[in-house]
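A.B. asks: build me a structure from this.
(2 chains)
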2 protein chains.
Amino acid sequence: MQISSTASDFKQTFDEFHSQIEETLHSLFTSRLPDSLYHPIAYLFEGGGKRLRPILTMVSAGAVGNNPDDALQCGTAMEILHNFTLVHDDIMDKSPIRRGRETIHKRWNESTAILSGDVMIGVAYNIIISSSRLLPKFDDILTAFTHGLVEVCEGQAMDLDFQHQTTVIMNEYIDMIEHKTARLLEMSAAIGGLVGNGTIEQNEALKKFALHLGIAFQIQDDILDLTAQQHELGKFIGQDIVEGKKTYLIIRATEKAKSEQHRTLLKHFYDEKGLAGESIEQMKTMMDELGVFADAQNEVNRQLEFSCSALKVLPKNYYTLMLEWLTTIVNERKK
Amino acid sequence: MQISSTASDFKQTFDEFHSQIEETLHSLFTSRLPDSLYHPIAYLFEGGGKRLRPILTMVSAGAVGNNPDDALQCGTAMEILHNFTLVHDDIMDKSPIRRGRETIHKRWNESTAILSGDVMIGVAYNIIISSSRLLPKFDDILTAFTHGLVEVCEGQAMDLDFQHQTTVIMNEYIDMIEHKTARLLEMSAAIGGLVGNGTIEQNEALKKFALHLGIAFQIQDDILDLTAQQHELGKFIGQDIVEGKKTYLIIRATEKAKSEQHRTLLKHFYDEKGLAGESIEQMKTMMDELGVFADAQNEVNRQLEFSCSALKVLPKNYYTLMLEWLTTIVNERKK
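C.D. replies: As a prediction, the model looks like this:
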């Protein structure tokens, strides 16, 4: 086992896993009938993506001492489940673009987006069942997967509820993103550990690692909504502000805003359930003045430290180190 | 085992199973949080329903010689899966009422209906997993359930495709309803047989029974759309005609129409993708004149005969006789 690995080793492994996942996704949805159901899904996956969840599944299987390839199928199922949530969330949020391409409901219509999303759940279960029915922890894998499905829906419901709540406090926000974003990452790692037949202690460590990675990831998403470059992000800058989303930034700004000017801007945001595009820059300036971006970044760092500390109980192997490296990748991402 | 059973015995068993299912559904969704996600589902189930699928699951478990109660949970999961399809289909069809009450997307909004439908899939899997993980045929139960989920989506996609096809021939229609309606009934019976640990031959018989019951059921749905009493049906009479659905009736009428008047009416239906409410009566008269209702009823009878003939290989017990009785119940239904 090579312990003194470099970032370029991890990057190479990452890219290899990424290719395997792309190939698996491609073979699942291309030329499947009826075309009206499966073609939009093939289109969605052609748009690419970080594939963080399935890579997490594969690396987690490696971290508990097994072959990451054995977790490729289950990881792919997690990616499909994640993408089902994107397709349906994009309808609810009326988002026109995703990964630089038109969303399914926009390019086709809402019915297609609802139905293509639905069938993705079934396809994902099919993969889980066929790839792991003979594994000793098959029941636990299924339970974790189903837990992920239910909680991601609960998280999205909480997020929609926020639209009608006048104020959202930080604890509610963290609870929501734990459900909506972090749980699927947690389950991705957990399933990797289960496929790899890790001990209960190891699997708990993997879950803790991924839960905090997920929280960090979502707060970063909130930051990138205002700070990313348009051509890198693949969606409009300030979309959360326009949609009236109560993100980490908005909640933190509300906690800190004291001046008349800042309070007026926030009141306007809350009253109108979002701001017009031309006010995005003003919002960004306020966030800067209040030190909200710095607070958010500190919280990201704090969550990633929790992640790394969870890794102590895992075997000191190449893949455990790669998990640690993944936190730096997440921290440095630009999209 | 009581073989000389009467219809009133079967009716009593039916009602007992129905109550057990209602109770299970009620306990699953009432007071579950977040309220915005689960309350609409509780509302949906409060609206009642025939519960044909879970009853089929329970009776099928009995027919292969086991306790129907053991299949209550899996049957309930089938009912939840069925209702998920109703919630999402109602959005796509823009249907305002279902079982005499406002549909979820109408009473709340589309986002709620999408999300409540989504989580129902997860809840249904949870029930399947927790109730049958220790059964010898757990894998087969899961596979059947997942098969049902995927095919029902494929069937709905085919149905939506029909809206853009100028003509639909009878074979395409039968293929569509096999996917959209009959497969879930088939899987309901199959899962009952698997829970009851039936032989492969018995389970094949149960599937054949339920597949044809499902085809009959859907053709009857098509008939009832025009012939039911408004207060019994729980939705608007002629809704299929207004929505431009290519039902058994429309396809058969298209096959048979020769007169100028009939062809003009059908051309209007196809060109306008449906007719205004005031033309429903005219459509009904045409169907009568062409003998389409009689053809449809003959097809229902023929399908139900296939169903009954499949029962021959099953043990001659109370529940096998009850399956036969179920075909008469389906045939005589008014809603």
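A.B. asks: who are the packing partners of the helix or strand encompassing A:Gln163?
C.D. replies: Assessed by DSSP states H and E, A:Gln163 sits inside helix A:138-164. Other elements packing on helix A:138-164 under the criterion 3 or more C-beta pairs under 8 Å, 6 or more residues apart in numbering or on different chains; DSSP states H and E are helix A:72-92, helix A:110-132, helix A:170-177, helix A:183-195, helix B:35-46, helix B:110-132. The way it works is simple: take the backbone N, C-alpha and C, and place the C-beta from them, glycine included.
A.B. asks: show me what the mean pLDDT comes to for the one helix or strand A:Glu324 maps to.
C.D. replies: Take DSSP H and E as the rule and A:Glu324 turns out to sit in helix A:318-332. What helix A:318-332 shows for mean pLDDT is 95.
A.B. asks: helix A:183-195 and that helix, what's the angle between them?
C.D. replies: Interaxial angle of helix A:318-332 relative to helix A:183-195 (axes from the mean of the first three to the mean of the last three C-alpha atoms, to 10 degrees): 170 degrees.
A.B. asks: contacts for helix A:318-332?
C.D. replies: The contact list for helix A:318-332 (C-beta atoms under 8 Å, 6 or more residues apart in numbering or on different chains) reads A:1-3, A:5, A:7, A:9-10, A:13-14, A:52, A:55-56, A:59-63, A:68, A:209, A:213, A:216-217, A:220, A:300-301, A:304, A:307-308, A:311, A:314.
A.B. asks: quick one: buried residues of the helix holding A:Gln163?
C.D. replies: A:138-163 (16 or more other C-beta atoms under 10 Å in any protein chain shown).
A.B. asks: equivalent analysis for stretch A:191-207, please.
C.D. replies: Going by 16+ other C-beta under 10 Å, stretch A:191-207 has these buried residues: A:191-198, A:202-203, A:205-207.
A.B. asks: could you dump the residues you listed to JSON lines with distance to B:Pro96?
C.D. replies: Below are these laid out as JSON lines (distance: C-beta to C-beta, whole Å):
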{"residue": "A:Ile191", "distance to B:Pro96": "41"}
{"residue": "A:Gly192", "distance to B:Pro96": "46"}
{"residue": "A:Gly193", "distance to B:Pro96": "48"}
{"residue": "A:Leu194", "distance to B:Pro96": "45"}
{"residue": "A:Val195", "distance to B:Pro96": "46"}
{"residue": "A:Gly196", "distance to B:Pro96": "51"}
{"residue": "A:Asn197", "distance to B:Pro96": "52"}
{"residue": "A:Gly198", "distance to B:Pro96": "51"}
{"residue": "A:Gln202", "distance to B:Pro96": "53"}
{"residue": "A:Asn203", "distance to B:Pro96": "48"}
{"residue": "A:Ala205", "distance to B:Pro96": "51"}
{"residue": "A:Leu206", "distance to B:Pro96": "48"}
{"residue": "A:Lys207", "distance to B:Pro96": "44"}
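A.B. asks: my guess is A:Arg107 contacts A:Gly47, does it?
C.D. replies: No: using C-beta atoms under 8 Å as the test, A:Arg107 is too far from A:Gly47 to be in contact (10.8 Å).
A.B. asks: what do the two both touch?
C.D. replies: A:Arg101.
A.B. asks: which residue of chain A sits farthest from its center?
C.D. replies: Distance from the C-alpha centroid of chain A, by C-alpha atoms, centre = their mean, peaks at A:Glu260 (36.0 Å).
A.B. asks: what distance separates stretch A:88-95 from the centre of its chain?
C.D. replies: 16 Å (C-alpha atoms, centre = their mean, to the nearest Å).
A.B. asks: who's in contact with that stretch?
C.D. replies: A:98, A:103-105, A:110, A:113-114, A:117, A:156, A:160, A:235, A:239, A:243, B:110-111, B:114-115, B:118.
A.B. asks: how near is A:Val64 to A:Asp9?
C.D. replies: Using C-beta to C-beta, to the nearest Å, A:Val64 is found at 20 Å from A:Asp9.
A.B. asks: between these two, who's got more neighbours?
C.D. replies: Between A:Val64 and A:Asp9, counted using other C-beta atoms under 10 Å in any protein chain shown, A:Val64 has the larger neighbour count: 23 against 15.
A.B. asks: quick one, phi psi at that one?
C.D. replies: phi -90, psi 10 (degrees, to the nearest 10).
A.B. asks: ok, it touching A:Gln202?
C.D. replies: Yes: the criterion here is C-beta under 8 Å, and A:Val64 meets it with A:Gln202 at 5.0 Å.
A.B. asks: okay, and the common contacts of the two?
C.D. replies: A:193, A:314-315.
A.B. asks: TSV for these, including pLDDT and distance to B:Lys94?
C.D. replies: Output for these, formatted as TSV (pLDDT from 0 to 100; distance: C-beta to C-beta, whole Å):
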residue	pLDDT	distance to B:Lys94
A:Gly193	98	45
A:Leu314	97	52
A:Pro315	96	56
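A.B. asks: quick one: which of the contacts of helix A:318-332 sit in helices?
C.D. replies: A:7, A:9-10, A:13-14, A:52, A:55-56, A:59-63, A:209, A:213, A:216-217, A:220, A:300-301, A:304, A:307-308 (DSSP state H).
A.B. asks: of those residues, keep whichever come out buried.
C.D. replies: Counted by 16+ other C-beta under 10 Å, the ones in helices among the contacts of helix A:318-332 give A:10, A:13-14, A:52, A:55-56, A:59-63, A:209, A:213, A:216-217, A:220, A:300, A:304, A:307 as buried.
A.B. asks: so which bits of the stretch 1-150 of chain A are right by chain B?
C.D. replies: Within reach of chain B by C-beta under 8 Å from any C-beta of the partner chain, the stretch 1-150 of chain A has these residues: A:34, A:36-37, A:84, A:88, A:91-92, A:110-112, A:114-115, A:117-119, A:121-123, A:125-126, A:129, A:133, A:139, A:142-143, A:146, A:149-150.
A.B. asks: buried members of the residues you listed into ChimeraX, please.
C.D. replies: Only the buried entries of the residues of the stretch 1-150 of chain A next to chain B go into this ChimeraX selection, using 16+ other C-beta under 10 Å:
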select /A:34,36,37,84,88,91,92,110,111,112,114,115,117,118,119,121,122,123,125,126,129,139,142,143,146,149,150
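A.B. asks: quick one: residues contacting the closest residue to A:Pro34 other than its chain neighbours.
C.D. replies: Leaving aside its sequence neighbours, A:Pro34 sits nearest to B:Ala157 (C-beta to C-beta, 6 or more residues apart in numbering or on different chains; 4.8 Å). Neighbour list for B:Ala157: A:34, A:36-37, A:115, A:119 [criterion: C-beta under 8 Å, 6+ apart].
A.B. asks: what's the most distant pair in the residues you listed?
C.D. replies: A:Ser36 and A:Val119 (11.0 Å; C-beta to C-beta).
A.B. asks: remind me which residues of the stretch 1-150 of chain A are low pLDDT?
C.D. replies: A:1-4 (pLDDT under 70).
A.B. asks: swap the cut-off to 90 and go again
C.D. replies: Under the criterion pLDDT under 90, the flagged ranges of the stretch 1-150 of chain A are A:1-6, A:99-100.
A.B. asks: ok, the stretch 151-300 of chain A next?
C.D. replies: Looking at the stretch 151-300 of chain A by pLDDT under 90, you get A:163-167, A:228-237.
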